[in-house]
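Undergrad: here is the input, now give the coordinates:
(one chain, ligands or ions: 1)
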Amino acid sequence: MERIIDGHTRMYCLIGSPVGHSGSPAMYNYSFERLGINSAYLAYDVPLEKTGEAVAALRLFNAGGFNVTMPCKTEVTKYLDRLSPACELIGASNCVVCESDGTLTGHNTDGLGFVANLRVHGVDVKGAKMVVLGAGGAATAVTMQSALDGASEIRIFNRKGYTFYPNAELTVKKLAERVPGCKASVTDLFDTEALAEAVKDCDILVNATKVGMAPLDGETLIDKSLFRRDLVVCDTVYNPKETRMIVEAKAAGVRAAIGGIGMLLRQGVEGFRLFTGAEMPADEVMEKFFA
Ligand code: NAD
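TA: Numbers count the residues shown, from 1 in each chain. Below you'll find the model as predicted:
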């Protein structure tokens, strides 16, 4: 179907800085065209201090919704009318839906995408014991969404004395108050003995640090001797598509070794559904843009 922008075309976009490298415009525009939805998706470079102005402009122009990337993900929550439970717990939004009554609702699709991608691989977080490496944006989204979706225990490991450790402490505190069914704790990543014990005792191991992506490509935080047949190993890193941790986990024959590219795709699928109520043609998008 030929795509024509007309007076009824609904506008969606990405805000943040930089945005030029983002795959979102291609992924969304392809899906709009494919499904015959009269909408267009653009990317606007917005610095942190202009976040509020950008949100006001999108409200004025009656955008259908917008995605938010760094550095605006936390700042944007100040300007929204409502936050989803996960978004509120995470304290950051990467997907804002402009409702028909004009209200703006913040969601966080990183965690939703992570859980959905696991489901595609036949893995459910419900009742699972998890180890999450990291306490930054991706780690917090993964941890909070997994807790909300029924993980029984989440042990976070992060380098003590570094920027993100207090984040992990805050996550543990929030989970104790708000999702008490999920037992959460944080331990120093440098405590290799505690890490090994935790990995031995968990069902799902997630690397949500930057280890594995350039310039830390070729590095891993997990000794391959810890991999076993009933362990699920996941990475949030998607460039390279298979990190050393994923390659070693596959070679060891773990239950599932899941790279970050599927999470990236699935967060787009979740966002598309929130924006339009329609299903993104995920397999086609994966093949066309992420293969
Ligand atoms: P962030 O800067 O918010 O957090 C970085 C985390 O990595 C922190 O916990 C930090 O302590 C840890 N870290 C950094 N260097 C380390 C080192 N040398 N040793 C141990 N820990 C180290 O970053 P983020 O946005 O959370 O991104 C983390 C990774 O997740 C990146 O590779 C990013 O591309 C990826 N990511 C993937 C998706 C997806 O959809 N697949 C979504 C978001 C982020």
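Undergrad: identify the residue spatially nearest to the residue of the chain found nearest the ligand, adjacent ones excluded.
TA: Nearest residue of the chain to the ligand, counting by C-beta to the nearest ligand atom: residue 136, 1.9 Å away. C-beta here means a position set from N, CA and C on the backbone, and glycine is covered the same way. Leaving out its chain neighbours, the residue that sits closest to residue 136 by C-beta to C-beta, 6 or more residues apart in numbering is residue 164, at 5.2 Å.
Undergrad: tell me the predicted confidence for the one you found.
TA: Listed pLDDT for residue 164 reads 95.
Undergrad: neighbours of it, how many?
TA: 17 (other C-beta atoms under 10 Å).
Undergrad: my read: it touches residue 138, true?
TA: No. With contact defined as C-beta atoms under 8 Å, residue 164 does not reach residue 138; the gap is 10.9 Å.
Undergrad: could I get the contacting residues of the residue nearest to residue 136?
TA: Residue 164 is in contact with 134, 135, 136, 139, 158, counting by C-beta atoms under 8 Å, 6 or more residues apart in numbering.
Undergrad: with pLDDT and distance to residue 110 added, can I get these in CSV?
TA: Shown next, in CSV, are the contacts of residue 164 (pLDDT from 0 to 100; distance: C-beta to C-beta, whole Å):
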residue, pLDDT, distance to residue 110
134, 98, 12
135, 97, 14
136, 95, 11
139, 97, 10
158, 98, 17
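Undergrad: which of these fall in helices?
TA: Counting by DSSP state H, the part of these found in helices is residue 139.
Undergrad: so which of the contacts of residue 164 belong to strands?
TA: residue 158 (DSSP state E).
Undergrad: just the strands in the stretch 151-291 of the chain please.
TA: Here the stretch 151-291 of the chain has its strands, by DSSP state E, counting those that start in this stretch, at 153-158, 183-188, 204-207, 232-235, 256-258.
Undergrad: any regions of the chain where pLDDT drops low?
TA: Scanning the chain for pLDDT under 70 picks out the ranges 1-2.
Undergrad: and the stretch 101-250 of the chain, which of its residues are near the ligand?
TA: Applying C-beta under 6 Å from any ligand atom, we find that the stretch 101-250 of the chain lies next to the ligand at 110, 113, 134-139, 158-159, 162, 164, 189, 208-211, 213, 216, 236-238.
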